[in-house]
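Trainee: Okay, predicted coordinates and the sequence, questions at the end:
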Amino acid sequence: AQKVTQAQTEISVVEKEDVTLDCVYETRDTTYYLFWYKQPPSGELVFLIRRNSFDEQNEISGRYSWNFQKSTSSFNFTITASQVVDSAVYFCALSEAEDNFNKFYFGSGTKLNVKP
Amino acid sequence: DTGVSQNPRHKITKRGQNVTFRCDPISEHNRLYWYRQTLGQGPEFLTYFQNEAQLEKSRLLSDRFSAERPKGSFSTLEIQRTEQGDSAMYLCASSYASQSTGELFFGEGSRLTVL
């Protein structure tokens, strides 16, 4: 079974629009970590954020914000006032205590196109 | 620090040939991971090393695949008797053991095309 689902394959917005990328995860572990990574056209995945299962506080970092809801097993990512440089593929990932946090399960990614 | 380095960046080979990819992690990182990414998909876990020990291998890693990290520094991933289905981007990542739940630092990947 897919542990991380990103239902949005591709999203296109116009610059300055807000956009939310959805992530739904599945795990039986009570202890786990969730991540978001950005993969620009150059190909190198870049870490954006880590959230552990005990911390449901939402986080804001500049134009980025993350909404973690255990009740719906979701970890959504919002970009406010999007910019062309935000164009990339964004991956949500899960790491579980069962695997000693040695394995990371990635979703299939959401490609974000920000048009000027 | 130069980050995680992977070579070659691109490899085109004929079916049945062997290929080898190399990964040089960030120098102080003792954990090293190999992932495979096909078009339109997220990275899939292949294997993981802590120092020179290969601690976990995915079911995806058939007998034709072998990975080594002989001195706990660089790693190689060899694919023998390549098949067209092996065409993918092979990603290497490294991390600190003390940050076992932390971020992965990825290289730019090695793209394999099997004709």
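Mentor: Nice, thanks for sending it over. This structure is a prediction, so every number in the text was calculated from the model and none was measured.
Trainee: going forward, measure contacts and count neighbours with C-alpha atoms only.
Mentor: Fine.
Trainee: Would you mind putting the CA coordinates of whichever strand or helix holds B:Glu56 into CSV?
Mentor: Assigned by DSSP states H and E, B:Glu56 belongs to strand B:53-57. Only the C-alpha atoms of strand B:53-57 are listed here, as CSV (Å, rounded to 0.1, in the frame of the first residue of the first chain):
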residue,chain,number,x,y,z
ALA,B,53,27.9,-1.9,6.8
GLN,B,54,25.0,-2.4,4.4
LEU,B,55,22.1,-2.5,6.9
GLU,B,56,19.1,-2.7,4.7
LYS,B,57,18.2,-3.6,1.1
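Trainee: List the buried residues of the helix or strand following it.
Mentor: Where DSSP H and E defines the elements, the next helix or strand beyond strand B:53-57 is strand B:65-68. Residues of strand B:65-68 classed as buried by neighbour count (16 or more other CA atoms under 10 Å in any protein chain shown): B:65, B:67-68.
Trainee: can you check stretch A:64-81 too?
Mentor: Within stretch A:64-81, the residues that qualify as buried by neighbour count (16+ other CA under 10 Å) are A:64-69, A:74-80.
Trainee: from the buried residues of strand B:65-68, which are also near chain A?
Mentor: Checked against chain A using CA under 8 Å from any CA of the partner chain, the buried residues of strand B:65-68 yield no neighbours at all.
Trainee: shaky segments in the chain?
Mentor: Unless you meant another one, I'm taking chain A. A:1 (pLDDT under 70).
Trainee: Chain B was what I was after
Mentor: Checking chain B against pLDDT under 70 turns up B:1, B:98-101.
Trainee: which residue ranges form the strands in it?
Mentor: Remark: strands assigned in chain B by DSSP state E are B:5-7, B:10-13, B:19-24, B:31-37, B:44-50, B:53-57, B:65-68, B:75-79, B:88-95, B:105-106, B:110-114.
Trainee: packing partners for the shortest one?
Mentor: Think strand B:105-106. Applying 3 or more CA pairs under 8 Å, 6 or more residues apart in numbering or on different chains; DSSP states H and E, one finds that strand B:105-106 makes contact with strand A:46-52, strand B:88-95.
Trainee: what angle sits between the longest one and strand B:75-79?
Mentor: What it means is strand B:88-95. Angle of strand B:88-95 versus strand B:75-79, following axes from the mean of the first three to the mean of the last three CA atoms, to 10 degrees, is 160 degrees.
Trainee: before we move on, what about the shortest one?
Mentor: Here strand A:46-52 runs at an angle of 100 degrees relative to strand B:75-79 (the same axes, to 10 degrees).
Trainee: which residues touch strand A:46-52?
Mentor: A:31-39, B:102-106 (CA atoms under 8 Å, 6 or more residues apart in numbering or on different chains).
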